[in-house]
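1. predicted structure and sequence below. I'll ask about it afterward.
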Amino acid sequence: MFTVLQDRRIEFSYGASKIINFLRYLIDMCNDETFTETYQSTVDLVEHPSSRSDRKHNYKDIYLQLLNCMVFMLSDRFSDIENFEFLDLVNPKFFSMWKNKVP
């Protein structure tokens, strides 16, 4: 995300679509199936939690809270991103594509 947003060679509308796609990806991850897959792959790497307080449902709550927080923050920060598509008009690499007809 940082590279897409900071690279001046990338057109604004492309960056905006990447942000929206990432937001959809995070929303799609907020389900039981994805959590179970993530949990199992983590258990395969580091073994099962050792204490009673480290139960699967506790991790699920943390997982969902983290994703919801990220979704909220991205939605809030980039809620008006579609309103700034006009910024592509000041990108010099598009000038040649217009053929003397500015959109």
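-> Arrived safely.
2. so what's the most centrally placed residue in the chain up against?
-> Nearest residue to the geometric centre of the chain (CA atoms, centre = their mean): Phe22, 2.8 Å. For Phe22, the contact set (CB atoms under 8 Å, 6 or more residues apart in numbering) comprises 1, 74. For every residue, glycine as well, the C-beta is placed using N, CA and C.
3. kindly state the pLDDT recorded for it?
-> Looking at Phe22, its pLDDT reads 93.
4. mean confidence score for stretch 69-78?
-> If you average the pLDDT over stretch 69-78, you get 92.
5. report how many residues lie close to Leu45.
-> Residues within reach of Leu45, counting by other CB atoms under 10 Å, total 7.
6. surely Asp88 touches Ser17?
-> No - using CB atoms under 8 Å, Asp88 is not in contact with Ser17, being 11.9 Å away.
7. the host helix or strand of the residue nearest to the centre of the chain: which residues count as buried?
-> In this assignment (DSSP states H and E), Phe22 forms part of helix 12-28. By neighbour count with 16 or more other CB atoms under 10 Å, helix 12-28 contains the buried residues 12-13, 15-16, 19, 22, 26.
8. separation between Asn91 and Ile10?
-> Using CB to CB, to the nearest Å, Asn91 is found at 9 Å from Ile10.
9. swap that for Tyr39, sorry
-> Tyr39 is 35 Å from Ile10, where distance means CB to CB.
10. could you do Phe86 as well?
-> Phe86 sits 16 Å away from Ile10, going by CB to CB.
11. which of these two has more neighbours?
-> Using other CB under 10 Å, the more surrounded residue of Phe86 and Ile10 is Ile10, with 14 against 10.
12. my guess is Phe94 meets Asp88, correct?
-> Yes - with contact defined as CB under 8 Å, Phe94 counts as touching Asp88 (6.2 Å).
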